[in-house]
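Student: Kindly return the folded structure for what I paste below:
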Amino acid sequence: MSNLMEQEIAEFESHDGGLLIDLRDEADFDAGHIPGALHMTLENIRDEIRRLATFNTRILLYCYTGAWSRQAEEMLKAKGYENTVNLGGIDQYSGRMEPAITVREMRRMKNLSQNDLARAIGIRQPTVAAYESGKANPGPVIAAQIRKQYNVTIAPMEKRRKKAGTRSRSLAGMNTAQLEPVDVNSVTTIRELRAAMGLTQAAAANALGVKPGTIAAYEAGRIHPSSEIIRKAHELYGVSLKPGTSRRGRTPKKRNDDTKAAYSSLFIQMPGGKTLTAADILEKVTGEVGEVESIYVRTDEGKAYWVKNENGTGSVDL
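Tutor: Numbering: from 1, shown residues only. Okay, here's the model as predicted:
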């Protein structure tokens, strides 16, 4: 084999005992990926891996250039998944690529009924129906079960969009702020999206996978939607949110070259003799939680504590 990626993939295919994770955008994954790969993102990989792997599981990661897979490797190793390998960018792979197919296409190809498929992978028939209608999509656990059972990779159905100005029956009777309907094609902010779709903050939060308070923070300009939220909004509603538009015109602060150089030359001693630069710590924190306003390090605990805004705080293991 010519490189690490192809050697590791050959080992993965011959033993079938690990996980191969594609961290590229979902559309590119669906169009073609390395056979056997599952799709995850930097935002969800830690939660999804817990359902699929033990600390001893061999986890192989790849993306476009190796940058996202390197961040994911660091995150997973920090959580105890020491058998994790960054394979680098997809351009290092010269083997066969396969497209993802929908649950409906897979059923027809395998000549299965919805009940047959539900029994085979341990779910209920209405769940299969929801996958096929686009009301829900299989997560990595179900996708992995289907992959193991039928040797195909599942792509999500396109979710059905709500018509502008309408609300679902489940929202009837709720005391919500009145928003003027707008043309969906002109939507660029979360507030405009809610107006166009007739959504409450709670409904928008549920659809985008965040808390209602986060939607409120987007609309107040305290924080701005991440690239993952922007992608989800486009997939669900066909709108193109602009990064930073919910920050009342402000854009994230950029650090100049002198600051970056200073970060790289500042060394911090961690427990166990481990040494990190400030640049390492900054990259690790922003790789896990995105842009932050401040970071402080507890060397005795081996943690970096971060602050995004008045309501957003947390820590990262170093």
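Student: Stretch 138-153: which residues count as buried?
Tutor: Buried residues in stretch 138-153, counted by 16 or more other Cβ atoms under 10 Å: 138, 140, 142, 143, 144, 145, 146, 147, 150, 152, 153. C-beta coordinates here come from the backbone N, C-alpha and C atoms, glycine included.
Student: what's the nearest residue to the last one if we skip its chain neighbours?
Tutor: Right, the one you point to is residue 153. residue 100 (4.6 Å; Cβ to Cβ, 6 or more residues apart in numbering).
Student: now the second one
Tutor: Sequence neighbours aside, residue 48 is the residue nearest to residue 140 in space, at 4.5 Å (criterion: Cβ to Cβ, 6+ apart).
Student: in the protein, which spans are strands?
Tutor: Counting by DSSP state E, the chain has strands at residues 19-22, 38-39, 59-63, 84-89, 267-269, 275-277, 294-298, 303-307, 313-317.
Student: nearest to residue 133, of those?
Tutor: Of all the strands of the chain, it is strand 38-39 that lies closest to residue 133, at 20.6 Å by Cβ to Cβ.
Student: The closest one packs against which elements?
Tutor: Judged by 3 or more Cβ pairs under 8 Å, 6 or more residues apart in numbering; DSSP states H and E, strand 38-39 is in contact with strand 19-22, helix 140-150.
Student: Mind giving me the packing neighbours of the last one?
Tutor: So that's helix 140-150. Using 3+ Cβ pairs under 8 Å, 6+ apart: helix 140-150 touches strand 38-39, helix 45-52, helix 103-110, helix 114-121.
Student: In terms of pLDDT, where does the residue nearest to residue 153 sit?
Tutor: What the model reports as pLDDT for residue 100 is 85.
Student: so what's it up against?
Tutor: 29, 30, 33, 39, 153, 154, 155 (Cβ atoms under 8 Å, 6 or more residues apart in numbering).
Student: Nearest to residue 271 among those?
Tutor: Checking the contacts of residue 100 against residue 271 by Cβ to Cβ gives residue 39 as the nearest, at 35.5 Å.
Student: count of residues packed around the residue nearest to the closest one when sequence neighbours are not counted?
Tutor: Spatially, and ignoring its direct neighbours in sequence, residue 39 is nearest to residue 29 (4.4 Å; Cβ to Cβ, 6+ apart). Neighbour count for residue 29, taken as other Cβ atoms under 10 Å: 20.
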